[in-house]
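Asker: One predicted model, sequence on top.
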Amino acid sequence: MLVLAVVAGMVAFAPVTAQQLPERQGFFDIRSATTLLNEGVHELEARLQLILSDEALDALNSGVPLRIELNFEVIRVRGLWLDSLDASLTFTYELEYRPLSQRYVVRNLNSGDQESFATLYSALNNLGRIQGLPVVDDAVLDLDSRYRFRLQARLSTRQYPAALRLLFFWRSQWQLESDWYEWTLAR
Amino acid sequence: MDTRKIRRAAIALIGAIGVGLALFALFLLSWTPQNSEDYESLHITILLINIAGVVVLFVLMVGNLAKLFNDYRNHVPGSKLKARMVGMFVGLAVLPLLVVFYFSIQFINSGIDSWFNIEIEEGLDDALKLSQAALGIQMRDHLRTTVKISDRLQDVNPRQLIFELSMMRRESGASEISIYGRNSRIIATSSDRSAGSLPQMLTDEVALQIRQNRPYVGLEPLESGGFEIRTAVPFGASNRSDLGGVIQALYPVPDRIGMMADSVDSSYNEYKRAVFIREPLKQNFTLTLTVVLMLSLLASIYGAFVLSRRLVAPIQDLVAGTRAVAEGDFDTRLPTPSRDEIGFLISSFNDMTQRLSSARREASLNQALVEAERANLAVILDRLSTGVVALESDLRIRNANEASGSILNVNLEDRVGEYLPDVAAGQPLLEQFVDVARVHLNAGETEWREQIVLRGEVGRRVLTCACTTLPGDEDHAAGYVVVFDDITALLQAQRDAAWGEVARRLAHEIKNPLTPIQLSAERMRRKYLHTLSDEDAQVLDRATHTIVQQVEAMKEMVNAFSDYARAPDLDINRFDIGVLAHEVVDLYRAQESEISIVLNTDTELPEVEADMGRIRQILHNLIRNATEALEHAEGGRIDVGISAAEVHGVDVIEIVVADNGPGFQTDSVSQIFDPYVTTKPKGTGLGLAIVKKLVEEHAGIIVAENQEEGGAVIRIQLPVNEIARGHMIARLPGLVEKRRERA
């Protein structure tokens, strides 16, 4: 009977595990990133390559909005001591497909601005082109210290209902996360 | 607490932890705030706890199952009952669980599926398409309007361009119309928004389409909700090269239509999302339910093991206890588990074993007492001078004491279990004894008393014998016990005492008148001898002479009796008996007799502790006895031998006097030592009686017998010293009485 129960459990989960077909896995990559000082504010210039996995794409086309987070960190180099994380910023963008207009809407959740695109390509292209995004005021940075900045893009699943989060947790296609791209602050 | 209990408690604790974990995890699973930020990690924790609970319970279950299987195979008491109970409990628990599980899954799946149906989906699809169609008409209209505006503006004077643009915007209902030159530079714009707000830039899409010389129309969702229709057409005139570019017009979708379109859009999206989420939701519920089922199953199986173990444990204890009692361990006490029927059974068992134990203790105590009594009896029997022989009803020897052996000259103690007549074969004394006993037993007399005279090589032996039955069954006697005493010595002592009395009386009654008789006869002779005639005088002389001579003889005889009766204390000295023997023998050799006396003494004789005078008298009497026996024989020879020997472990000096005379008359051998028994014409008949008396005073043994080649031999065994004398008295109890009597 115990075996029966186990088999029943396995059968129930079979769809979860059996969907390992050769699909596009997707990836996030930061091609370049730097900051430019403009009127006392360091502004981020970055080029990202955001390729969605088939599952994420499927979800997007099923009306599930995707959230893409840009994590930016300011790290102060401390020589012999461990480096200190002085600031950490997250810019969140939401990508949503609107069936009525058949457009992809990219929404900056930090500012509330949104743009719509007829194709996913142009939406992701727009998302991957960060220009003049103010990240840190130069005044808060210590003049005598050396700083490292780093950037990471990732697909967030925190906003979804539990059932989806549980599903996404086990799926590699939902673990889209770029490596940290790091550069030093040039003065 | 022993290790078994600790182990059991540890396992129970692990089980409790497993069940606790499982319940905690289940609680968390249902309680978890599903939208919490750290849902994944929380969920993983919960899942891990659940898995840990499942693993713990599974390991416990497998361990219990293996143990049960092992016990069952090894026929451990109670294992079959336990297996049956576990099977029953598991069956009771598992079947309903599986049924509930199955129906729950069914309900969940059908419940979730019921949220979706084809009609709703089609309705939503239709609504979307309708909205798209309705908005599509508007979009096409607005595009046409934009094209018209573009056509009209072609010919407008550039200085009036802004004005015309504003007018056309108002006419067309657009919210913003902008003209872009090359490089997307804004040439002119008109907007209904407040001044200061910037006109919208050309998007890449628009620019791309215009570059391809195609008009652009698009429905764009707004941040604030609703939609906006963006149209763009190429704008430019051959005569106005500076204006070659794009006219973009933005038209608001009416609020009401926009809201409805928004609603359709979001509803459609919601529905699609719900469809998308359907399978994960089902899987999630199934997973949760499966975990719950697994935990419940394992917990209930483990519970079944625990419960059956608790129920069976007292029964197993009882079985083990019963086995222990069967093997003779009455000290087994079982722990009383509860106050129920099993508890009552176990306390009854404990009572029983306690009683058995005390009964056995009493029995062994009684046995020990009996053994002690038996040992005492054995000691008493061994120390008795009375012979005791216990016989089975078939005359097998059951028991015999040492005295019986020494009286009958057979060691009966070593022949226990043998048939008495077989033991008696070749043992003259015992044979006679058995014959007498048989006569009585054959006659059916089981209780009898008789004085038996046994004739042996060393003389006769008188026994008083009594027989009685041993208590046995009602019909059969368990055996007989024959008790007998050697009263030979006692009879002898009585005879000796009688003779002593006679001697004393003779001394007193006869010796006193003898002197007056002798004196009277002498006086008569002296007074009348010379007065009488020769003839009468001769008669008188002869008569008085005879009287005096006979009186003398009578005096001698009376003195001899007196000597026999008198018993002065022994005067013990150490002396060389060889030297003494030489002295005595030389005295007889000097008498110029024809009898040859040969003396043989051991070269190394120990010194003897004895009354030298009496030993001398013994030797005198024996040699004189022998010479008198050989008085008329030719070639008479007396052999006197003195040697050291050991009798019954006692050091003795053996004196042997043998002659080659006529020997003892066979019928008088047994009474040869009685006073006045003599085979010789001469002699008082007291010689050997006195010798025997003297020997017995020294705790010695004297034996008279005839030699096969003729002649008499007398053997005397005297203890060499006081210690040996003590041992001899202990060995021959009959001597004690005689010595006492003498004393």
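Answerer: Perfect, thanks for sending it. What you see is a predicted model, and the numbers here were worked out from it, not measured in a lab.
Asker: which residue sits closest to residue B:413 in space, ignoring its chain neighbours?
Answerer: Sequence neighbours aside, residue B:400 is the residue nearest to residue B:413 in space, at 5.4 Å (criterion: Cβ to Cβ, 6 or more residues apart in numbering or on different chains). All C-beta spots, glycine's among them, are computed from the backbone N, C-alpha and C.
Asker: residues contacting residue B:265?
Answerer: Neighbour list for residue B:265: A:98-101, B:128, B:131, B:221 [criterion: Cβ atoms under 8 Å, 6 or more residues apart in numbering or on different chains].
Asker: so what's the residue nearest to residue B:413 bridging to?
Answerer: Taking DSSP bridges, one finds residue B:389 as the beta-bridge partners of residue B:400.
Asker: Could you double-check that it sits in contact with residue B:408?
Answerer: No: assessed by Cβ atoms under 8 Å, residue B:400 is found out of contact with residue B:408, at 9.2 Å.
Asker: Go through the contacts of residue B:265 and flag which are in helices.
Answerer: Among these, DSSP state H puts B:128, B:131 in helices.
Asker: Of the contacts of residue B:265, which pair is most distant in space?
Answerer: Greatest spatial distance in the contacts of residue B:265: B:128 and B:221, 13.9 Å, computed using Cβ to Cβ.
Asker: So if I had to pick from those two, which one is more boxed in?
Answerer: Remark: of residue B:128 and residue B:221, residue B:221 carries more neighbours, 23 against 20, as counted by other Cβ atoms under 10 Å in any protein chain shown.
Asker: quick revisit: any common contacting residues for residue B:400 and residue B:408?
Answerer: Common neighbours of residue B:400 and residue B:408 (criterion: Cβ under 8 Å, 6+ apart): residue B:387.
Asker: now the residue in the stretch 351-500 of chain B positioned nearest to chain A, what's its secondary structure?
Answerer: Evaluated by Cβ to the nearest Cβ, the stretch 351-500 of chain B has residue B:353 as its residue closest to chain A, separated by 43.0 Å. With DSSP: H, G, I helix; E, B strand; the rest coil as the basis, residue B:353 sits in helix.
Asker: my guess is it meets residue B:333, correct?
Answerer: Yes: judged on Cβ under 8 Å, residue B:353 makes contact with residue B:333 at a distance of 6.9 Å.
Asker: Between the two, which is the more surrounded one?
Answerer: More neighbours surround residue B:353 than the other of residue B:353 and residue B:333, with 20 against 12 (other Cβ under 10 Å).
Asker: so what's that one scoring on pLDDT?
Answerer: Residue B:353 is assigned 88 on the pLDDT scale.
Asker: same question, residue A:153
Answerer: pLDDT, residue A:153: 95.
Asker: now residue B:576
Answerer: Predicted confidence (pLDDT) for residue B:576: 90.
Asker: Then residue B:244?
Answerer: Predicted confidence (pLDDT) for residue B:244: 58.
Asker: same question, residue B:488
Answerer: Looking at residue B:488, its pLDDT stands at 82.
Asker: Give the other helices and strands that the longest strand anywhere in chain A contacts.
Answerer: In terms of residue count, the longest strand belonging to chain A (DSSP state E) is strand A:84-98. Using 3 or more Cβ pairs under 8 Å, 6 or more residues apart in numbering or on different chains; DSSP states H and E, the elements in contact with strand A:84-98 are helix A:54-61, strand A:66-77, strand A:103-108, helix A:120-127, strand A:129-137, helix B:255-326.
Asker: Minimum distance to residue B:534: which of those has it?
Answerer: helix B:255-326 (121.7 Å).
Asker: Go ahead and report the secondary structure state at residue B:610.
Answerer: Following three-state DSSP, we place residue B:610 in the strand state.
Asker: My read is that it contacts residue B:580, right?
Answerer: No: contact criterion Cβ under 8 Å: residue B:610 and residue B:580 do not qualify, at 9.7 Å.
Asker: So if I had to pick from these two, which one is more boxed in?
Answerer: Neighbours were counted for residue B:610 and for residue B:580 using other Cβ under 10 Å; residue B:610 has more, 29 against 18.
Asker: any shared contact partners between residue B:128 and residue B:221?
Answerer: A:100, B:265.
Asker: Tell me the one of the contacts of residue B:265 nearest residue B:305?
Answerer: Using Cβ to Cβ, residue A:99 comes nearest to residue B:305 of the contacts of residue B:265, at 57.7 Å.
Asker: Run through the residues that contact the closest one.
Answerer: A:63, B:128, B:265, B:268-269, B:272.
Asker: what do you get for residue B:410?
Answerer: Taking Cβ under 8 Å, 6+ apart, we find residue B:410 in contact with B:423-424, B:427, B:429-430.
Asker: Turn these into a markdown table, including secondary structure and distance to residue B:44.
Answerer: As requested, those are exported to a markdown table (DSSP: H, G, I helix; E, B strand; the rest coil; distance: Cβ to Cβ, whole Å):
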| residue | secondary structure | distance to residue B:44 |
| --- | --- | --- |
| B:423 | helix | 100 |
| B:424 | helix | 105 |
| B:427 | coil | 106 |
| B:429 | helix | 110 |
| B:430 | helix | 105 |
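Asker: is it possible to export the residues you listed to TSV including pLDDT, neighbour count and distance to residue B:628?
Answerer: Conversion of the contacts of residue B:410 to TSV gives the following (pLDDT from 0 to 100; neighbours: other Cβ atoms under 10 Å in any protein chain shown; distance: Cβ to Cβ, whole Å):
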residue	pLDDT	neighbour count	distance to residue B:628
B:423	87	23	44
B:424	85	23	41
B:427	83	16	37
B:429	83	20	33
B:430	86	23	38
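Asker: Between which two of those is the distance greatest?
Answerer: Spanning the widest gap among those are B:423 and B:429, at 11.8 Å by Cβ to Cβ.
Asker: Closest to the mean position in chain B, which residue would that be?
Answerer: residue B:329 (8.0 Å; Cα atoms, centre = their mean).
Asker: In three-state terms, label it for me.
Answerer: coil.
Asker: Please pull out the lowest mean pLDDT helix or strand from the chain.
Answerer: Assuming you mean chain A. The least trusted helix or strand in chain A, going by mean pLDDT, DSSP states H and E, turns out to be helix A:2-18, with a mean of 46.
Asker: I'd like the next helix or strand past that one.
Answerer: Per DSSP states H and E, helix A:2-18 leads on to strand A:27-38 as the next helix or strand towards the C-terminus.
Asker: which outside residues touch that following strand?
Answerer: Contacts to strand A:27-38, defined as Cβ under 8 Å, 6+ apart, come from residues A:42-51, A:68, A:130, A:132, A:135-136, A:138, A:149, A:151-155, A:176-179, A:181, A:183, A:185.
Asker: Spatially central residue (nearest the centroid) of chain A, please.
Answerer: Residue closest to the average C-alpha location in chain A (Cα atoms, centre = their mean): residue A:154, at 2.5 Å.
Asker: Quick one: neighbours of residue B:438, just the number.
Answerer: Residue B:438 has 14 neighbouring residues, counting by other Cβ under 10 Å.
Asker: check contacts around it.
Answerer: Contact analysis of residue B:438 by Cβ under 8 Å, 6+ apart lists residue B:421.
Asker: Checking my notes, residue B:80 in a strand, right?
Answerer: No: counting by three-state DSSP, residue B:80 is not part of a strand but helix.
Asker: which residues does it contact?
Answerer: By Cβ under 8 Å, 6+ apart, residue B:80 lies in contact with residue B:72.
Asker: now do residue B:162
Answerer: Residue B:162 sits next to B:188, B:190 when contact means Cβ under 8 Å, 6+ apart.
Asker: let's go with 10 Å and repeat that
Answerer: B:156, B:179, B:187-190 (Cβ atoms under 10 Å, 6 or more residues apart in numbering or on different chains).
Asker: count of neighbours near residue 176?
Answerer: All of this is about chain A. By the criterion of other Cβ under 10 Å, residue A:176 has 23 neighbours.
Asker: should've been chain B
Answerer: By other Cβ under 10 Å, 20 other residues sit near residue B:176.
Asker: Relative to residue B:528, how far out is it?
Answerer: To residue B:528, residue B:176 is 220 Å away according to Cβ to Cβ, to the nearest Å.
Asker: cool, and residue B:172?
Answerer: 227 Å.
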